[in-house]
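> Provide a 3D model corresponding to the input given below.
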Amino acid sequence: MSDLIKAQLDSIFPLKETTWNELVKLAEEKIIVKSKNLVTKGSFFSYEIFVMEGVLRCYYVTEEDKEYTTSFYKEGDFVSPSFTRQFHGRSLLNIQALEHCKVLLFEEHKFTELRHSYKDLHQLGSNVLEKELKLKSLKEVFLATGNLVTLYRFFQDRFYGLEKRIPQRYIASFIGADPVSLSRIRAKILRERKTANNG
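Below you'll find the model as predicted:
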């Protein structure tokens, strides 16, 4: 793995050289073609996922065939820990590439063993989980308010720069809106900015 990957991981929590060397031994590189799923709901997938390039989204599909996006992950992100995505070992979610993606996969059991052996990797994992739980908690609060403008601004803040890289329909599915409603929200925010600038 490259120095860039090491720097991306260190931005979550700095890893010692010994830890890094052991982690490299576990890593399996995989390419996911744009629009294809890395993981399909109901399948067995016992790997932790680190995004080196591209954007992934986690989503589920209702019985009415409606999609809901739970989160997005771009380069430098660990996808939410596997135990939060599984039930009895089967995936609760689909994980799709929204761009041509390159990821690192770490077999869950071996990664967990390594976390227990190295304090810095344990802290890195804790930071990933804390960030994920914070995202889910904030999103649940904003969803409960039913305020789509607030949810859209939350998306912009949490996933800065992603709006220009992914289709709007996926953003709409993240905030619980349809694409038409999202277009109205964006237009409203744009008008407010113009008014504020002119004032």
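
> I figured residue 175 hits residue 150, correct?
No. Here residue 175 does not reach residue 150: they are 9.0 Å apart, not a contact under Cβ atoms under 8 Å. Yep, even glycine has a C-beta here, placed from its N, CA and C like the rest.

> Which residue is the nearest non-sequential neighbour of residue 44?
Nearest residue to residue 44 in three dimensions, chain neighbours excluded: residue 89, at 5.6 Å (Cβ to Cβ, 6 or more residues apart in numbering).

> what about the one you found, how many neighbours?
Neighbourhood size, residue 89 [other Cβ atoms under 10 Å]: 12.

> sorry, back to before: between residue 175 and residue 150, point out the one with more neighbours.
Taking neighbours as other Cβ under 10 Å, residue 175 and residue 150 compare with residue 175 leading, 22 against 15.

> Which pLDDT value goes with the more buried one?
Per-residue pLDDT puts residue 175 at 91.

> I'd like the numbering to begin with 226 instead of 1 from here.
Yep, numbering from 226; the last one is residue 400 now.

> Check whether residue 256 really touches residue 324, as I assumed.
No. Proximity of residue 256 to residue 324 does not meet the contact threshold set by Cβ under 8 Å, at 11.5 Å.

> average model confidence for the helix ranked longest in the chain?
Longest helix of the chain, by residue count under DSSP state H: helix 344-370. Taken as a whole, helix 344-370 has an average pLDDT of 91.

> how far out from the middle of the chain is that helix?
In this view, helix 344-370 has its centroid 11 Å away from the chain centroid, taken as Cα atoms, centre = their mean, to the nearest Å.

> That concludes my questions; thank you for your assistance.
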